[in-house]
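Here is a sequence together with a model predicted from it:
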Amino acid sequence: MMHNIRQYQLPLQKYMAMTDLQEMNERLFYKLLIENVEELLPVVYTPTVGEACQKYGSIFRRPQGLFISLKEKGKILEVLKNWPQRNIQVIVVTDGERILGLGDLGCQGMGIPVGKLSLYTALGGVRPSACLPITIDVGTNNEKLLEDEFYIGLRQKRATGQEYAELMHEFMSAVKQHYGEKVLIQFEDFANHNAFDLLAKYGTTHLVFNDDIQGTASVVLAGLIAAQKLVGGTLADHRFLFLGAGEAGTGIAELIALEISKQTNASLEEARKNIWLVDSKGLIVSSRKESLQHFKKPWAHEHEPIRNLTDAVNAIKPTVLIGTSGVGRTFTKEVVKSMASLNERPIILSLSNPTSQSECTAEEAYTWSQGRAIFASGSPFAPVQYEGKVFVPGQANNAYIFPGFGLGLIMSGTVRVHDDMLLAASEALAAQVTRENFDKGLIYPPFSNIRKISAHIAAEVAAKAYELGLATRLPQPENLVKYAESCMYSPAYRNYR
Ligand SMILES: O=C([O-])CC(=O)C(=O)O
Ligand SMILES: [Mg+2]
């Protein structure tokens, strides 16, 4: 199979071959994915899954996942009962409104829950039959798709407001009624307004986790904790500047502030003061407070208004620059050079996905900083040669976190997610970076060890859940790492007896 897949020139052809294999021989699909994770992750996941979503209608062969549309209002529970598997442990759900940094892809966003759940199994060891990908179809505002003859979803503008809220509420209630309280619901690639509202609304009644807000935050915090080994000092010594103040930007900012306040005993408000965000209107400052969306308000510090990123870098003098804008090529030569003139080792993270939306490439980060940048990106980049030295960029992608995080919740029967579990996941991931990784300038371990890493993350998350009294699987297993490993699905063929 690997030989066959390597024959294809185009990543999308490889993606389609893997999709066919997943349908035809699921066990072999997972065996391949686990044994060739570094090679196949970019095929079944970011960046190729982005292209697959964009072309979903025209590469469509057989349906994957469960679609729930506005037309099913009032009978969502019946629709759930159509799914052939009964014992579901994880649901990844999207409404397709903000697929990666590619915008509204409507129903074609289904590629994302399918891809994320493939990783739940391959990277986190959750049984494939316990995973349920769901796309909620409330229409799309993407004009091109509405006119596309191969579009598979409802041909109407997105439902919003009460109509949207009612459908989501029926969905959330039906899931809990059908699968119980311990099913994990991962929100994925919702637009900002809905993402924050859904997380706040259901965080107290359901086991929910927003990957773009919380998963991304946890992986970035892990990288920053690890980076302290390269630059010395602590997180509280840094000044952070974000380009992009949506789910990822504000989610990461908040988790950094939480970690700093725990480390230093400072208040959260105090810890936030060294963190600055730029959105499409410029630096977020107090004079803009009235007109800001609620999730941006905590970041409106005292400062004169600044319109663009270059001026913000020069005024704020950040040690860490993080791109979460969903807009590619925004870390220009000028921006990277400013970072390099301000810092001996500037930390630059270009997190937007897929590769086309990355704020800068690995090559740009290393050459424009004369090889001094500590760089990681959301989508993978190949190693870069610069002045005779090889620089290996890390991949700061939530794929490091959510499979192990979810496994930790499931195996301990945890009923609610708590921020301290995200911090525990970050610390567990950071602890997996070895001296050998640091010597290459990496702040993340390679994906080749991901199942072991996931087991450690799961163990720390579960330990925190027990400590907080949120775990229901009793008694607590003695060795949580061993227990996590024993829970993990392996795609082995059984012998006949
Ligand atoms: O899917 C990925 O690669 C990371 C992610 O959650 C996003 O970009 O929305
Ligand atoms: Mg996402």
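Yes, it's here. Ligands and ions are numbered 1, 2, ... in the order given.

Which residue or residues pair with Ile322 through a beta bridge?
Phe242, Leu349 (DSSP bridges).

Tell me the spacing between Val93 and Phe60.
Separation of Val93 from Phe60 (CB to CB, to the nearest Å): 20 Å. Using the backbone N, CA and C atoms, a C-beta is placed for each residue, glycine as well.

which of these two has more neighbours?
Shown here are Val93 and Phe60; by other CB atoms under 10 Å, Val93 has more neighbours (26 against 14).

so what's Ser287 scoring on pLDDT?
You'll see Ser287 listed with a pLDDT of 97.

cool, Arg494 as well?
Confidence for Arg494, expressed as pLDDT, is 82.

For the stretch 201-350 of the chain, just list every one of the helices.
Assigned by DSSP state H, counting those that start in this stretch, the helices in the stretch 201-350 of the chain fall at 216-231, 247-264, 268-272, 309-316, 333-342.

Same list, these, but as JSON lines with mean neighbour count, mean pLDDT and distance to ligand 1 please.
Formatted as JSON lines, the helices of the stretch 201-350 of the chain follow (neighbours: other CB atoms under 10 Å; pLDDT from 0 to 100; distance: least, CB to the nearest ligand atom, whole Å):
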{"stretch": "helix 216-231", "mean neighbour count": "24", "mean pLDDT": "97", "distance to ligand 1": "6"}
{"stretch": "helix 247-264", "mean neighbour count": "23", "mean pLDDT": "98", "distance to ligand 1": "8"}
{"stretch": "helix 268-272", "mean neighbour count": "16", "mean pLDDT": "97", "distance to ligand 1": "24"}
{"stretch": "helix 309-316", "mean neighbour count": "19", "mean pLDDT": "98", "distance to ligand 1": "20"}
{"stretch": "helix 333-342", "mean neighbour count": "18", "mean pLDDT": "98", "distance to ligand 1": "21"}
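
Using a markdown table, lay out those helices together with distance to Met172.
Listed next are those as a markdown table, based on distance: least, CB to CB, whole Å:
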| stretch | distance to Met172 |
| --- | --- |
| helix 216-231 | 22 |
| helix 247-264 | 19 |
| helix 268-272 | 29 |
| helix 309-316 | 38 |
| helix 333-342 | 41 |
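
Nearest to Phe171, out of those helices?
In terms of CB to CB, the element of those nearest to Phe171 is helix 247-264, at 19.8 Å.

ok, residues contacting the one helix or strand Val481 maps to?
Val481 is part of helix 480-487, with elements assigned from DSSP states H and E. The contact list for helix 480-487 (CB atoms under 8 Å, 6 or more residues apart in numbering) reads 125, 407-408, 410-411, 454-456, 458-460, 462-463, 477.

Residues of the stretch 101-250 of the chain that sit close to ligand 2?
Glu188, Asp189, Asp212 (CB under 5 Å from the ion).

Next, count neighbours for the second one.
Other residues within reach of Asp189, judged by other CB under 10 Å, total 25.

and the gap between the spatially most central residue of the chain and Ser448?
Relative to the mean C-alpha position of the chain, the nearest C-alpha, by CA atoms, centre = their mean, is the one of Asn398, at 3.5 Å. Remark: distance between Asn398 and Ser448 (CB to CB) = 18 Å.
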